[in-house]
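Student: Compute the structure for the input listed below.
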Amino acid sequence: MAKTVCGRFAPTPSGRMHLGNAFCALLAWLSAKKQGGSITLRIEDLDKPRCPDRNAQLLEDDLHWLGLDWDTGGSSGGKDAPYCQSQRFAIYAEYFAKLQKQGFTYPCFCNRAELHAAQAPHLSDGRVLYAGTCRQLTPAERQQKALSRQPAQRLLLPDTTVSFTDGHYGPQQQNLAAECGDIILQRSDGVYAYQLAVVIDDALMGVTEVVRGCDLLSSTPQQLYLYRLLGFAPPHFFHVPLLTAPDGRRLAKRDHDLDLGCLRQRFSDSRHVIGVLAFLAGLLPKPQPLSPAQLLPLFDWQKVPQKNISVSEEILNLL
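Tutor: Down below sits the predicted model:
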């Protein structure tokens, strides 16, 4: 018997949700519900000072307004509570300790300036590849450095290629050593990193399908490797194009004219916003007010563009 699909929303409440967040949430909701599945809402507030509780409350209210309700998680709770990452550090510590005990981690004493030094290796997309500076330190050297600096903790990534098939972008592969470098699992201030937390949370919450922006496509092989180390079955990944302004920059929370606060002031009916998002996703020939439920018969991943979507001046004026 086929496994029931469980999708998820996993927003970071560092600001008001914007049009790009809503676009991704809509596609995640449609994909799961079209298959008769459920949605879990997880609040990714690892960096708590940047993510006050009031933002999470606004986020839930905005999702309700859009008609993108969830089945478990958020403030409504559920069997896998807590659903806020800031309340799950004890869980992350347990799994991090397993990796540490097996020798998969090492302390890193590099500061920000050292990590971004001119001689640091850079990838074609501008990301800095960690040079492995602290990987070969002797126990004595580590002990000496620890006297003056609290280390971060990195994951040893092997010279191996991880391959997977994305549900929207097709076959993907990444050599972990050459294209990723040893990733941080825990910051020097004790906060666990997104890469570790998201793998643990999706596995323990029974998430079988992850729909998220294509800017996270390159993170997937690293996470798949973590799934393997921790003995978890990975979900099926669908990455979606980003919404961009006419000048090509990605829509972000700094674009306050396109956040849900402003959009709700302009539109009394959320179906206008959903209709625009459905048009951008290729589900409608032109924007028209519809609810998420009304879009279910129209949803098909093959209709969704693969290239990033420019939100034209005409659409911006409409919004």
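
Student: I'd like the distance between Ser312 and Leu66.
Tutor: As judged by C-beta to C-beta, to the nearest Å, Ser312 and Leu66 stand 22 Å apart. For every residue, glycine as well, the C-beta is placed using N, CA and C.

Student: if you count what's nearby, which of those two comes out ahead?
Tutor: Leu66 (23 against 12; other C-beta atoms under 10 Å).

Student: Which residues are in contact with the more buried one?
Tutor: By C-beta atoms under 8 Å, 6 or more residues apart in numbering, the contact list for Leu66 reads Ala22, Ala25, Leu26, Leu260, Ser270, Val273, Ile274, Pro292.

Student: Kindly report the same for Arg50.
Tutor: Taking C-beta under 8 Å, 6+ apart, we find Arg50 in contact with Ser14.

Student: Over to Tyr194?
Tutor: Glu44, Leu46.

Student: What pLDDT does the model give it?
Tutor: For Tyr194, the model assigns a pLDDT of 95.

Student: do the same with Asn111
Tutor: Here the pLDDT value assigned to Asn111 is 86.

Student: Name the SS class of the closest residue to it other than its chain neighbours, please.
Tutor: The shortest distance from Asn111 to any non-neighbouring residue, by C-beta to C-beta, 6 or more residues apart in numbering, is to Arg149 (7.6 Å). At Arg149 the chain is in coil, as set by DSSP: H, G, I helix; E, B strand; the rest coil.

Student: go on, Ser14?
Tutor: coil.

Student: residues in contact with it?
Tutor: Asp47, Arg50, Cys51, Asn55, Lys253.

Student: Any of these buried? List them.
Tutor: When the contacts of Ser14 are checked for burial by 16 or more other C-beta atoms under 10 Å, the buried set is Cys51, Asn55.

Student: so which one among the contacts of Ser14 has the lowest pLDDT?
Tutor: Among the contacts of Ser14, Lys253 has the lowest pLDDT, at 57.

Student: can you give me the strands in this protein?
Tutor: Secondary structure of the chain (DSSP state E): strands located at 6-9, 38-41, 72-73, 105-108, 152-155, 161-166, 170-175, 184-186, 209-213, 236-240, 243-244, 309-310.

Student: ok, residues contacting stretch 260-274?
Tutor: For stretch 260-274, using C-beta under 8 Å, 6+ apart, the contacting residues are 16-19, 22, 26, 58, 62, 65-67, 256, 287, 289-292, 295, 319.

Student: Distance from it to the middle of the chain?
Tutor: How far stretch 260-274 lies from its chain's middle: 24 Å, per C-alpha atoms, centre = their mean, to the nearest Å.

Student: CA atoms of it as PDB?
Tutor: Only the C-alpha atoms of stretch 260-274 are listed here, as PDB (Å, rounded to 0.1, in the frame of the first residue of the first chain):
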ATOM      1  CA  LEU A 260       1.300  39.800   3.300                       C
ATOM      2  CA  GLY A 261       0.700  42.800   5.500                       C
ATOM      3  CA  CYS A 262       0.600  45.200   2.500                       C
ATOM      4  CA  LEU A 263      -1.300  42.700   0.300                       C
ATOM      5  CA  ARG A 264      -4.000  42.200   2.900                       C
ATOM      6  CA  GLN A 265      -4.500  45.900   3.100                       C
ATOM      7  CA  ARG A 266      -5.000  46.100  -0.700                       C
ATOM      8  CA  PHE A 267      -7.200  43.000  -1.100                       C
ATOM      9  CA  SER A 268     -10.100  42.100   1.100                       C
ATOM     10  CA  ASP A 269     -10.300  38.700  -0.600                       C
ATOM     11  CA  SER A 270      -7.200  36.500  -0.600                       C
ATOM     12  CA  ARG A 271      -8.400  34.700  -3.700                       C
ATOM     13  CA  HIS A 272      -7.000  37.600  -5.800                       C
ATOM     14  CA  VAL A 273      -3.500  36.900  -4.500                       C
ATOM     15  CA  ILE A 274      -4.000  33.100  -4.900                       C
END
